[in-house]
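Student: no FASTA, just this:
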């Protein structure tokens, strides 16, 4: 499911310092925590300075899910955003990633320009709002949920809670 994390972010992106200004958030501590979690899982994680609007990436990702081998695009989007700090709201960046995923770049360009999957992403966003999702990742099972990067034990408890509710 797709989620509108900071949908107000402009096309050119926004500096994290500005995004979190006045909110009492320690960006260095946030980075250190996430980097440690990612390192534990063997995932690369870079030091970002900006956030970018992910709407077009979500639409392209939803299209990629309909294409043979399209799941590769999701890993490339992750790396582009969280490791390389690229603007995943930029059409050229998205087309480069589609090409790297061996997807039809002409078709990908049409999806971006025609906004072919806009309604489908809108439906996901509406479902996320209806479920009260307020952050990513969010894990939902049996009507229960947990928000944020969580250790295995927390997810295991979520599944057990959902299982107990069904009994």
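Tutor: That came through, no problem. In this text the structure is predicted, and so the values were computed from the model without any measurement.

Student: residues contacting residue 3?
Tutor: 124, 125, 128, 133, 136, 138 (C-beta atoms under 8 Å, 6 or more residues apart in numbering). (Glycine included, C-beta is placed from N, CA and C.)

Student: which other residues reach stretch 135-142?
Tutor: 3, 5, 128, 131, 133, 145-150, 155, 158-159, 161-163, 165-166.

Student: do that again at 6 Å, thanks
Tutor: 3, 5, 145, 146, 147, 155, 158, 159, 162, 165 (C-beta atoms under 6 Å, 6 or more residues apart in numbering).

Student: which one is the fifth one nearest to, not counting chain neighbours?
Tutor: Spelled out, that is residue 147. residue 135 (4.6 Å; C-beta to C-beta, 6 or more residues apart in numbering).

Student: Quick check: which element contains the one you found?
Tutor: Following DSSP states H and E, there is no helix or strand that holds residue 135.

Student: With residue 47 instead?
Tutor: Using DSSP H and E, no helix or strand contains residue 47.

Student: Number the residues from 627 up from this point.
Tutor: Okay, residue one is now 627; in that scheme the one you just asked about reads as residue 673.

Student: what's the pLDDT at residue 679?
Tutor: Residue 679 carries a pLDDT value of 96.

Student: Quick check: residue 742 is in a strand.
Tutor: No. Secondary structure of residue 742 (DSSP: H, G, I helix; E, B strand; the rest coil): coil, not part of a strand.

Student: Without its sequence neighbours, what residue ends up closest to it?
Tutor: The spatial neighbour of residue 742 that comes closest, neighbours along the chain excluded (C-beta to C-beta, 6+ apart), is residue 689 at 6.5 Å.

Student: That neighbour - how many residues pack around it?
Tutor: Residue 689 has 21 neighbouring residues, counting by other C-beta atoms under 10 Å.

Student: Find me the pLDDT at it, would you?
Tutor: 98.

Student: Look up how far residue 678 lies from it.
Tutor: With distances taken as C-beta to C-beta, to the nearest Å, residue 689 is found 19 Å from residue 678.

Student: before we move on, what about residue 751?
Tutor: Counting by C-beta to C-beta - residue 751 and residue 678 are separated by 17 Å.

Student: Got phi/psi on residue 641?
Tutor: Per-residue torsions, residue 641: phi -70, psi 140 (degrees, to the nearest 10).
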